[in-house]
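Visitor: Whatever this is, show me its structure:
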Amino acid sequence: MTSARHDPPGVRWPAGAAIGVLSGAVAIGAATLLAGLIGAGSSPILAVGAAAVDAAPEWLKRFAIDTFGTDDKTALLVGVGMVLTMAAIVLGIVSLRRPVAGMIGLIILGTIGAVAAVTRPATGLLAAVPSLAGMAAGLWAYVWLRGRAGLAPIVNRDDVDTVEAALPAGLDRRRFLFGGAVVAGLALAPGFVGEYLVRRSEASASRSAVRLPTVADAGRPAPADADLGVPGELPFITPNDAFYRVDTALFVPAVQTDGWTLTVHGMIDRPLTLNFDQLIARPLIERDVTLCCVSNEVGGHYIGNARWTGTLLAPLLQEAGIQPGVTQLVSRSTDGFTTGTPASVALDGRDAMLVVAMNGEPLPLQHGFPVRMVIPGLYGYESACKWIADIEATTYEAYSAYWVERGWAERVLIKTESRIDVPKHGATVPEGPVTVAGIAWAQHRGISSVDIQIDDGPWAPARLGAEDTIDTWRQWRFEWQAAAGPHRISVRATDGDGVMQTSAVAPPLPSGATGLHEIDVTAT
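Guide: Okay, the predicted model is just below:
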């Protein structure tokens, strides 16, 4: 039994359309990936869209704004994508009869993208690379898919006059479908990564453009002797690039100030929405606050101290008219993560803030740009929502936040803890004078004393660095005369209320780790 040499003509049009769309997708995916590495301005989609905006008459721009509002740019990019998709479908079908037409179409589209990119302000010839590389990738995909479909070769052949002549071997559906799946993967993977990189580049540019107004209340500067200057100890203020990061974001959300809003709603009298400019127009304050993650082990490093700039949360909630019966503030990130904050804590007069800057510069992307929440005295999962976009006034009975649903405590204050940083566990130290140093914290209660124990000896007081505020950690140091041999060093702290750190050992789950930090060293 023999099979027909050619499939019915109707089968070939979808194949031609698929070749066009997949080839175009590979071109755009590759171009977007490179644009993410080079700069968002080199993205052919964004460059062509920006050129279209510049060329559009004023009445059309006004129509777009009136019709789509803040989504006008999204509508434009969707429109560009639809035009490209239709062009790819037409070119793919035409290429069944005229194979070279598909190649010419890809070259023309790549050239348009390259020209649009290099003619944008603040770009150079390098901006053409993504479009040209995408064009090359699209041409490869086009030729390869034609081969998988059993189509006639393109090189060294004259254009054919009939579709049947272009398909001498017939359509091999199985090979074509497999090839299409491979090409789709090659288009989607780099396109996804590239899109993320492009958005990150745009968010970085947005961050660089932020100009914060003068701070209304800078607070007092940290005392000079808050930092004891012990070699090997972290500085009193943690640099941004050394500050711990714990969140659920697989990819750091790339949020721009343009288009960002914060919505306050729920059990309030006057729901409101603020954009970034409106938020930073409110009185800004600067405060030093230590943040700590509830998952921090005893002696762990998921803790940092920074100077935060933001606006107070309580006045904003009071303006909105928070209603009696509210027990929880649910904050939502742009990536969907939620935190649940005790409303009583947020409103009790402490410096609960919506933060826009960290250590004197706009928030780094990985630490919540453009806006995050910081509330002293609570673990991060209860209060320090990054990339915040929504606050709902509600109750604990009505909603359980992300980590509470996963077994962590609903409401808990930060525990009194301390840590030895110098020397390191397992270190060999010289016999004689040895400096032991570290930090202690009990945010919003403060630290009143730190004691050190060597082996089974008596507890002895350590010297404390000056207190900045009760919302920050305190450094401490202890001068020890080390005798030769192995030793165990333990530390404990007492908070500002006179409550001593517990020696009872507990894991971080569900409400934070407890126990004393101990290290072993050997003096020689």
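Visitor: Which helix or strand contains Phe192?
Guide: helix 173-209 (DSSP states H and E).
Visitor: Quick check: which helices or strands does the helix or strand just after that helix pack against?
Guide: Reading on from helix 173-209 to the C-terminus, the next helix or strand found by DSSP H and E is strand 261-266. Using 3 or more C-beta pairs under 8 Å, 6 or more residues apart in numbering; DSSP states H and E, the elements in contact with strand 261-266 are strand 272-275, helix 313-320, strand 388-394. Just so you know, the C-beta spots here come from the backbone N, C-alpha and C atoms, and that holds for glycine as well.
Visitor: So which of the ones you listed is the most surrounded?
Guide: strand 388-394 (a mean of 21; mean count of other C-beta atoms under 10 Å).
Visitor: How far does that one sit from its chain's centre?
Guide: In terms of C-alpha atoms, centre = their mean, to the nearest Å, the centre of strand 388-394 is found 19 Å from the chain centre.
Visitor: Pull up the pairing partners for the helix or strand following it, direction included.
Guide: Using DSSP H and E, the helix or strand that follows strand 388-394 towards the C-terminus is strand 417-422. Partners of strand 417-422 in the sheet, by DSSP bridges, are strand 432-441 (antiparallel).
Visitor: List the buried residues for the strand it pairs with?
Guide: 434-441 (16 or more other C-beta atoms under 10 Å).
Visitor: what would the residues you listed look like in a markdown table with pLDDT?
Guide: Formatted as a markdown table, these follow (pLDDT from 0 to 100):
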| residue | pLDDT |
| --- | --- |
| Val434 | 98 |
| Thr435 | 98 |
| Val436 | 98 |
| Ala437 | 98 |
| Gly438 | 98 |
| Ile439 | 98 |
| Ala440 | 98 |
| Trp441 | 98 |
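Visitor: picking up where we left off before, looking at the helices and strands packed on strand 261-266, which is closest to Ser490?
Guide: helix 313-320 (38.4 Å; C-beta to C-beta).
Visitor: Can you name the next helix or strand after that closest one?
Guide: Next helix or strand after helix 313-320 toward the C-terminus (DSSP H and E): strand 328-333.
Visitor: so that next one versus strand 388-394, what angle?
Guide: Interaxial angle, strand 328-333 versus strand 388-394 (axes from the mean of the first three to the mean of the last three C-alpha atoms, to 10 degrees): 160 degrees.
Visitor: ok, strand 328-333: who's next to it in the sheet?
Guide: Note on strand 328-333: by DSSP bridges, its sheet partners are strand 338-342 (antiparallel), strand 388-394 (antiparallel).
Visitor: what comes into contact with it?
Guide: 249, 253, 266, 317, 338-343, 346, 373, 383, 385-396, 398-399, 401 (C-beta atoms under 8 Å, 6 or more residues apart in numbering).
Visitor: go with 7 Å
Guide: Residues outside strand 328-333 that contact it (C-beta atoms under 7 Å, 6 or more residues apart in numbering) are 338-343, 346, 373, 385-396, 399, 401.
Visitor: now do stretch 106-120
Guide: Against stretch 106-120 from outside (C-beta under 7 Å, 6+ apart): 23, 27, 31, 41-42, 44, 47-48, 50-51, 123-125, 127-128, 131-132, 134-135, 138-139, 142.
Visitor: Neighbours of Pro223, how many?
Guide: A count of nearby residues for Pro223, using other C-beta atoms under 10 Å, gives 12.
Visitor: now swap in the one 10 residues further on and tell me
Guide: Counted with other C-beta under 10 Å, the neighbours of Glu233 add up to 19.
Visitor: I'd like the numbering to begin with 893 instead of 1 from here.
Guide: Yes, from this point I'll number from 893; that puts the last item at Glu1125.
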